[in-house]
Every structure is written in structure tokens, then in C-alpha cells.
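>>> here is a sequence together with a model predicted from it:
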Amino acid sequence: MKLNALGIEAWLSASHFPEPFPCSRPVTWFDEKTTTTHIRTSVILPSQGLNGSDYMVHWRISDSILKSLWCLVISTKPVSLEAKVEARLYMSHLIPSTQERSTIDLHGNPLKLLQPYVVPESSSMGSIRLLLFRLTNVNITRLPHGPEVASDIRVYVEDEHYPWIVFEFNFERRIESE
């Protein structure tokens, strides 16, 4: 299932199956204090997980207005409150090819993201969050290896303290009765 908010579409897929992963009905809310739009969904997995599958996060501009965004992909495990930054990417309105992004683009082989982690007697298996921050005054001064790799990017982060949008995918295992 693809999640949508403010002209952005985001979805999760398993590395061995590129179609959007089935998710529960998303919950969306706007935090007036932080001016952040949150979209949260659950991914229900079999009780044994998915045998070590890796998960990819994909996102793109779903409306016709090009945007410049700073993008962070963060994972958490259920046994730790510590969040791990898995990826940092940008989207530039100056470079149309950056208007669709995926963590699979970061390496020749798929980036290993969260592998859901089974905790006895708990349904939580961790989460993946995509945080998007709006950028203004984007100035990309040198692109030595093509549009995907920039050595000098100067930007002003419009959303300085809080993200503009947060997409959150929570992994939960189906607890089967014994």
C-alpha cells in the first residue's frame, strides 16, 4: 500500500518483491506545535517474520509540482530506543530525476535496512521512518559523477527543527495462538 500526504507518495517493499508491501489502514495527523504531518501504518508479518528479508523505502513526488527536500530514513529495533540513520538523500527541483527516490539506489546491491526482529511475547518488530524536510535556495554547484552525486550542495532548510512530513512503517508480528 502506498501512503500519500501533501503531494508525496511513500511505500515499503521487500527486497525480493518490489511491489508495495501490504499495510494496515494509515493514521494521519497534523501536529500544530511542530507543523509536521504524520502518516503511520503497521506492516503485519507472520509470527516468524519473513526469513531475513530486507526492506526498501521508496518515495516520490505524486503531484506535478517539483520539490526540493532533505530526506532521512531512520530505523529502530524493538529492543532499543536508539534510532539509526539508514540513509540521507536529497530531492532537488532543479534535477527532475531526483523527484523519485529509493534506498535501493544507494548501492549496486540493495541497502540492508531493518530486518524485523522477533522479541518473545511482544508484537513489536521495529519500525522504519522517512523524514522529509523542505529546502529552499537550493544551489548545486558541482556534479562530478552525474545528478545523483553532488559534491557541493548549499541549501537552506525551511523546516529547521522538525520535519515537514513523517511516514512511519511499524512492523508487527501476528501472534498466533498455540
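On my side now, so go ahead. Here the structure is a predicted model, which is why all the values come from computation and not from measurement.

>>> going forward, measure contacts and count neighbours with C-alpha atoms only.
OK.

>>> tell me the mean pLDDT over stretch 60-77?
For stretch 60-77, the mean per-residue pLDDT is 86.

>>> quick one: residues in contact with it.
Stretch 60-77 is contacted by residues 7-10, 57, 82-93, 96, 99-101, 113-114, 116-117, 125-136, 138, 157 when judged by CA atoms under 8 Å, 6 or more residues apart in numbering.

>>> cross those against strands and list the overlap.
8-10, 57, 83-91, 100-101, 125-136, 138, 157 (DSSP state E).

>>> for the residue nearest to Thr36 when sequence neighbours are not counted, give me the backbone phi and psi.
Nearest residue to Thr36 in three dimensions, chain neighbours excluded: Trp164, at 4.8 Å (CA to CA, 6 or more residues apart in numbering). Here is the backbone geometry of Trp164 (degrees, to the nearest 10): phi -80, psi -40.

>>> next up, the contacts around Trp164.
35-37, 131-134.

>>> for this structure, just list every one of the helices.
Counting by DSSP state H, the chain yields no residue ranges for helices.

>>> and the residue nearest the centre of it?
Leu130 (3.0 Å; CA atoms, centre = their mean).

>>> what about the closest residue to that one other than its chain neighbours, distance to Leu12?
Distance criterion CA to CA, 6+ apart; nearest residue to Leu130, sequence neighbours excluded, is Val73 at 4.6 Å. Distance of Val73 to Leu12, computed by CA to CA, to the nearest Å: 12 Å.

>>> so what sits against both of these two?
Common neighbours of Val73 and Leu12 (CA under 8 Å, 6+ apart) are Val57.

>>> from Phe21, how far out is the residue lying closest to Tyr55 once chain neighbours are set aside?
Leaving aside its chain neighbours, Tyr55 sits nearest to Ala14 (4.5 Å; criterion: CA to CA, 6+ apart). Distance, Ala14 to Phe21, using CA to CA: 7 Å.
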